[in-house]
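Undergrad: Please work out how this folds:
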Amino acid sequence: MTTPRAASVLLLSAALASGCVRSYRAEPPLPFQEFPYTSPQGQAWPLKRMPLPKTAQAYGMATVPEVAYVELNPEGQRTLVFIHGLGSYLKFWRYQLDVFAAQGYRVIAMDLPGYGKSDKPGTFPYTMEAMADAVRELVQTLGVERPVLVGHSMGGQTALSYAIRYPEEPGALVLTSPAGFERFSWKEKAWLKRVFSTVLIKSSPEYAIWGSVRQSNFARWRPELEWLIEERVRVVATPDFDAYAYANVQTVDGLAHDDFVRDSLGHIQAPTIIVFGEDDRLIPNPFMHGGRAREIMEYGHAGIRGSQLVGLERCGHSVQLDCPQEYNEAVSAFLKKLPASDGGEQKQEVPPATGTP
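TA: Have a look, this model is predicted:
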């Protein structure tokens, strides 16, 4: 019997073969460093790099990694720090960065270690705690106090780890289809570690990429999102892709080991909103658990005191891209209710980078 997921893959494969959707296989390779980081209107974001010496020392790394980040409206009184999800990069906040900068917020978005235009060191542990430490070092070096952490999926679990371990530091949490609430048994963790490999990532055919991106993440796919497919297909033949694939494999293992987050939600002090798509096809894990995303999100909502839960109808896992207007409205309403920022952020000199964007 053909499952709905298998049927959708077959349909996409047939569509590619018939020319109904564009194929990017014949296009030249596109390195991560050449990805266009731009607004929907095509305006390039100012990209910067920052070394993370404290993170390197904490995890015994011989080489100090650098991360890439974008900063908009640096004079804003409240700072929003956008943290992307697994396999993605800061451009996944394409419909948020300029919008919230225009509302008067200082906006920072980073590529986590291993992703996008950041370094991809094999010696970085890729746990959610290590990811949170990388975010924290960037935030502190930029002189941000009481940041609003806006995390999607893996970025949500990263924000949760940050807020649990350093509860007095975040000003608020915006958890966007967050990972971290779903329980994985030790057998399930072992299975994920065994089957998710760099070979699997590197050998995915184009129709499978269409399926994993379009079908798994979206309920309202539209042609303007095809850059997601193009960049993923064209980057696979570039020198950095092996390191990126390794980062993904290690991160999946880190994501599955979420007991610390699940068991420690009561330590979170920051005002929190959980925004998710009611038609999320990735949470809960469709291969292991099935069910509805709302059930998982309600667990997190119950565990975080005073949190707000917002489910958006006909929206998928990448809800900020799938339903940007509804998502932005929900987040804006939440931010407006926060206590006024004290404006106490101290801008600091960013240490010189050793590399180039």
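Undergrad: quick one, strands of the chain?
TA: 47-51, 66-72, 79-83, 106-110, 148-152, 172-176, 272-277, 308-312 (DSSP state E).
Undergrad: possible to save the ones you listed as JSON lines with mean neighbour count?
TA: All C-beta atoms are positioned from the backbone trio N, CA, C, and that covers glycine. Listed next are the strands of the chain as JSON lines, based on neighbours: other C-beta atoms under 10 Å:
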{"stretch": "strand 47-51", "mean neighbour count": "19"}
{"stretch": "strand 66-72", "mean neighbour count": "22"}
{"stretch": "strand 79-83", "mean neighbour count": "27"}
{"stretch": "strand 106-110", "mean neighbour count": "26"}
{"stretch": "strand 148-152", "mean neighbour count": "29"}
{"stretch": "strand 172-176", "mean neighbour count": "27"}
{"stretch": "strand 272-277", "mean neighbour count": "26"}
{"stretch": "strand 308-312", "mean neighbour count": "18"}
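Undergrad: Next, format these as a markdown table and append mean pLDDT.
TA: Below are the strands of the chain laid out as a markdown table (pLDDT from 0 to 100):
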| stretch | mean pLDDT |
| --- | --- |
| strand 47-51 | 98 |
| strand 66-72 | 98 |
| strand 79-83 | 98 |
| strand 106-110 | 98 |
| strand 148-152 | 98 |
| strand 172-176 | 98 |
| strand 272-277 | 98 |
| strand 308-312 | 98 |
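Undergrad: if we compare those strands, which one ends up closest to P324?
TA: strand 308-312 (10.5 Å; C-beta to C-beta).
Undergrad: Who are the contact partners of the spatially closest residue to A237 that is not a sequence neighbour?
TA: Nearest residue to A237, sequence neighbours excluded (C-beta to C-beta, 6 or more residues apart in numbering): P29, at 4.2 Å. By C-beta atoms under 8 Å, 6 or more residues apart in numbering, the contact set of P29 is 234-238.
Undergrad: Which of the residues you listed fall within helices?
TA: Members of those lying in helices (criterion: DSSP state H): 234-235.
Undergrad: Going through the contacts of P29, which ones are buried?
TA: Among the contacts of P29, those classed as buried by 16 or more other C-beta atoms under 10 Å are 234-236, 238.
Undergrad: picking up where we left off before, export the contacts of P29 as CSV, with columns for distance to A256 and pLDDT.
TA: Shown next, in CSV, are those (distance: C-beta to C-beta, whole Å; pLDDT from 0 to 100):
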residue, distance to A256, pLDDT
R234, 29, 96
V235, 25, 96
V236, 24, 94
A237, 29, 93
T238, 28, 96
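Undergrad: would a markdown table of the contacts of P29 with distance to Q33 be doable?
TA: What follows is the contacts of P29, written out as a markdown table (distance: C-beta to C-beta, whole Å):
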| residue | distance to Q33 |
| --- | --- |
| R234 | 13 |
| V235 | 10 |
| V236 | 15 |
| A237 | 14 |
| T238 | 9 |
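Undergrad: ok, back up a step: would you list the buried ones among the contacts of P29 in TSV and tack on distance to V81?
TA: Shown next, in TSV, are the buried ones among the contacts of P29 (distance: C-beta to C-beta, whole Å):
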residue	distance to V81
R234	29
V235	25
V236	29
T238	28
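Undergrad: Which one of those residues is nearest to G104?
TA: For the buried ones among the contacts of P29, the nearest to G104 is V235 (34.9 Å; C-beta to C-beta).
Undergrad: Could I get the contacting residues of that closest one?
TA: Applying C-beta under 8 Å, 6+ apart, the residues contacting V235 are 29-32, 35, 241, 244.
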